[in-house]
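>>> this one's structure only:
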């Protein structure tokens with residue numbers, strides 16, 4: 001059996017509490033990851049915390065980001081979940097990406113950011129077009145801040161434009177979503193194990 005890896009999910013819904021379609025998509029990925037010996041240990045709902053605006057790892061008194069940052073970096077895989085709003089990734093997700101910008105200046109002696117050797121995938125939901133644009137925003141930002149992105153790294157669902165049915169309201173998970181989740185989990189787990197066994201070398 002392969003070594004068990006640990007994943008953490010960020011739910012960047014705009015809601016501080018209550019049902020979330022992002023949670024439903026994260027759950028699909030949780031089940032897929034479990035089949036490849038990856039344990040999702042926790043989902044952090046960012047809107048339920050006081051994550052201050054800014055681009056440093058600690059924005060001072062009352063900032064919840066330093067503790068969340070520590071949790072993220074203690075895991076092998078990041079599931080970055082969020083909804084589409086106005087055709088793009090929501091504002092909560094953008095705030096998290098802005099806080100990760102600090103990684104660029106937090107390198108070790110070989111120029112490696114704290115996120116080097118860690119894998120990130122996306123869980124995106126919405127009732128409008130924008131899944132590809134949202135994942136493009138996420139993946140470029142995550143790559144800029146040191147994360148490694150595997151093939152088929154976005155598991156998403158979009159409903160009818162201007163429709164009223166959310167992902168969490170579906171009676172069953174569509175087969176295509178389940179199959180995509182399985183490929184996302186398999187690729188991410190494989191890549192994370194490779195990076196754990198053979199860390200990125202960095203450069204002087």
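Nice, thanks for sending it over. This one's a predicted model, so the numbers in the text were calculated from it and none came from an experiment.

>>> Which helix or which strand is home to residue 42?
If you go by DSSP states H and E, residue 42 is part of strand 38-45.

>>> residue ranges of the strands in the protein, please?
Using DSSP state E, the strands of the chain run over 5-11, 38-45, 77-85, 88-89, 119-126, 154-158.

>>> could you measure the nearest residue to residue 53 once chain neighbours are set aside against residue 18, distance?
With C-beta to C-beta, 6 or more residues apart in numbering as the criterion, residue 53 has its nearest non-adjacent residue at 6.3 Å, and that residue is residue 95. C-beta coordinates here come from the backbone N, C-alpha and C atoms, glycine included. Shown here: residue 95 relative to residue 18, a distance of 20 Å by C-beta to C-beta, to the nearest Å.

>>> helices and strands around the strand holding residue 42, which ones?
Strand 38-45 is packed against strand 5-11, helix 21-34, helix 65-73, strand 77-85, helix 175-197, with contacts defined by 3 or more C-beta pairs under 8 Å, 6 or more residues apart in numbering; DSSP states H and E.

>>> For residue 52, which of these is the nearest?
helix 65-73 (6.6 Å; C-beta to C-beta).

>>> what comes up buried for the closest one?
In terms of neighbour count (16 or more other C-beta atoms under 10 Å), helix 65-73 has its buried residues at 65, 68-69, 72.

>>> Quick test: name the residue nearest the centre of this structure.
Within the chain, one residue has its C-alpha closest to the average C-alpha position: by C-alpha atoms, centre = their mean, that is residue 80, at 1.3 Å.

>>> Tell me, please, where in the protein the pLDDT is lower than the cut-off.
Within the chain, the stretches falling below the threshold (pLDDT under 70) are 1-2, 204.

>>> about what we covered before: closest one to residue 134 among the helices and strands packed on strand 38-45?
Distances from residue 134 to each of the helices and strands packed on strand 38-45 were compared using C-beta to C-beta; the shortest belongs to strand 77-85, at 5.4 Å.

>>> burial measure for residue 58, as a count.
For residue 58, the number of neighbouring residues by other C-beta atoms under 10 Å comes to 13.

>>> where's it relative to residue 50, distance?
For residue 58, the distance to residue 50 under the criterion C-beta to C-beta works out to 13 Å.

>>> More neighbours: residue 95 and residue 18, which one.
For residue 95 and residue 18, the more surrounded residue by other C-beta under 10 Å is residue 95, and the numbers stand at 18 against 8.

>>> buried stuff in stretch 37-48?
38-40, 43-47.

>>> Now do the contacts for residue 160.
If you count contacts by C-beta atoms under 8 Å, 6 or more residues apart in numbering, residue 160 has them with residue 127.

>>> can you tell me how far it sits from residue 53?
34 Å.

>>> One more: residue 200?
When C-beta to C-beta is the yardstick, residue 200 and residue 53 sit 30 Å from each other.

>>> These two - which one has more neighbours?
Between residue 200 and residue 53, counting by other C-beta under 10 Å, residue 200 is the more crowded of the two (14 against 10).

>>> I figured that one hits residue 116, correct?
Yes - with contacts counted by C-beta atoms under 8 Å, residue 200 reaches residue 116, the gap being 5.1 Å.

>>> Next one: residue 139 relative to residue 201, how far apart?
Going from residue 139 to residue 201 by C-beta to C-beta gives 23 Å.
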